[in-house]
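Q: here is my input, please return the structure:
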Amino acid sequence: MNNHTLVKEFILMGFPGGPDMRMFLLGLFSLLYAFTLMGNGVILGLISLEARLHTPMYFFLSHLALVDISYACNTVPQMLANLLDPVKPISYAGCITQTSLFLTFALTECLLLVVMSYDRYVAICHPLRYSVIMSWRVCITLLLASWVLGFLLALAQLILLLPLPFCGPQKINHFFCEILAILKLACADTHINEILVLAVAASLLVGPLSLIVISYMQIIWAVLHIQSREGRQKAFSTCSSHLCVVGLFYGTAIIMYVGPKHGNHKEQQKYLLLFHSLFNPMLNPLIYSLRNNEVKGALRRVLGKDRPS
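A: Numbers count the residues shown, from 1 in each chain. Model (predicted):
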C-alpha cells in the first residue's frame, strides 16, 4: 500500500450513453429537480402559513419535506454537473461528505415514517387522549430522536470508512458517492464495513417496517369498528397518503437489498437509488396534496380562492 499513490479525487461514471442521451437526461433531471424543490417548498410554506395545519401530523410532514429537499440537493446537483462534464472529478472530501449526508437523510426519513405512523395510530385508536399523548414536547422529542439516531448510525459507518486507503482505480460506478460503490475501490479489507452497511439497512427495514405494519393493523381494526361511513372515510383518508409514501420508500429499499438479483444488479441498484433520491422526494408532496383535503383546502385559502365575498 505504501508503494501506491493515494487517490484524492474520484470520477462518477453516472449513466451510460452518448452526448445526446446525456443532454436528454440533463433536461429531464433538471425538470424533476425543480418540481421536487417547488413541491416540497409549497408543503413547507403551507404548513408554516396556515394555522389549521399547526398540528403534530403536519409538523412531522414538514420535516419529511425538509428531508426530501435535502435528499435532492445532496445528490442531484452533482449528477447534473456530471452529465455536463462526465470526466469532471469530485474531491475525496466532497465524496465522503455526500455519502455521510445521504446516509443521514435516508436513515432519518426511515425513522420519521415510523413516528408518523405512530401519530396516526394515536389519532385513530385513542382520539380522546390524542392531545395528551402527542403533546408538543413528545413530538419534538420524537423528531429529535429521529434526527439524532439517523446521524449517529451514519456517523458509525463514516468512522469505519475514513481510515480506508484508496489507491486506485478512482472511477465510481454510480451517479453519486454511494457507500457500497466507494468500498469497492478501497485498497484494504472492507468486509466489516459491508457487514455494517447491510446490518443497518436490514435492521432499519425490518424493525421500523414491522412497527408500521403493527400500527396500521390496529388502525384498520379501529376504523372497521367506526359506525358512520363518513367517519370511516375520513379516518382512511388521513392514513392513505402516509401509506403511499411508506410503500414507495420501503418498496424501493426492499427491492434494492432483498429483491432478486437478475441481470446486471449494479445497474438495477443504480436506477433504484435514482428513484429513491429523486422521484420519491418529487412524488411525496404530490401524494399529500392530491389525497389530502386539508392540504388542498389550505392551498386554496393561501391563494385566496376560498375567501368569503
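
Q: return the distance of stretch 177-185 from the chain's centre.
A: With C-alpha atoms, centre = their mean, to the nearest Å as the basis, stretch 177-185 stands 19 Å off its chain's centre.

Q: please report the residue range of the longest strand in the chain.
A: Longest strand of the chain, by residue count under DSSP state E: strand 9-12.

Q: that one pairs with which strands, and in what direction?
A: strand 90-91 (antiparallel), strand 171-172 (parallel) (DSSP bridges).

Q: quick one: contacts of the first one?
A: Outside of strand 90-91, the residues within contact range by C-beta atoms under 8 Å, 6 or more residues apart in numbering are 8, 9, 10, 11, 12, 78, 98, 177. C-beta here means a position set from N, CA and C on the backbone, and glycine is covered the same way.

Q: closest one to residue 35 out of these, please.
A: residue 78 (18.7 Å; C-beta to C-beta).

Q: give the contact list for the closest one.
A: By C-beta under 8 Å, 6+ apart, the neighbours of residue 78 are 12, 90, 98, 175, 176.

Q: try it again at 6 Å.
A: Counting by C-beta atoms under 6 Å, 6 or more residues apart in numbering, residue 78 touches residue 176.

Q: what about it, which helix or strand?
A: According to DSSP states H and E, residue 78 maps onto helix 56-84.

Q: tell me which residues in stretch 118-138 are buried?
A: With burial defined by 16 or more other C-beta atoms under 10 Å, the residues of stretch 118-138 counted as buried are 118, 119, 120, 121, 122, 123, 124, 130, 134.

Q: mind checking pLDDT for the first one?
A: The predicted local distance difference test score for residue 118 is 91.

Q: which helix or strand contains it?
A: helix 92-125.

Q: quick revisit: please compute how far the longest strand of the chain lies from its chain's middle.
A: The answer for strand 9-12 is 24 Å, by C-alpha atoms, centre = their mean.

Q: please enumerate residues in contact with that strand?
A: So strand 9-12 is contacted by 82, 89, 90, 91, 95, 170, 171, 172 (C-beta under 6 Å, 6+ apart).

Q: list buried residues within those.
A: 82, 89, 90, 95, 172.

Q: in the sheet, who's paired with the last one?
A: When assigned by DSSP bridges, residue 172 has beta-bridge partners residue 12.

Q: against residue 45, how distant is it?
A: For residue 172, the distance to residue 45 equals 36 Å [C-beta to C-beta, to the nearest Å].

Q: before we move on, what about the third one?
A: When C-beta to C-beta is applied, the distance between residue 90 and residue 45 equals 32 Å.

Q: now the helices: where do they sit in this protein?
A: For the chain, applying DSSP state H gives helices covering 19-49, 56-84, 92-125, 130-133, 136-161, 179-183, 191-224, 229-257, 265-274, 280-290, 293-303.

Q: can you spell out which helices and strands pack onto the third one?
A: To tie it back to what came earlier, the one meant is helix 92-125. Other helices and strands packing on helix 92-125, by 3 or more C-beta pairs under 6 Å, 6 or more residues apart in numbering; DSSP states H and E, are helix 56-84, helix 130-133, helix 136-161, helix 191-224, helix 229-257.

Q: angle of the third one against helix 56-84?
A: What it means is helix 136-161. Put simply, helix 136-161 runs at 30 degrees to helix 56-84, going by axes from the mean of the first three to the mean of the last three C-alpha atoms, to 10 degrees.
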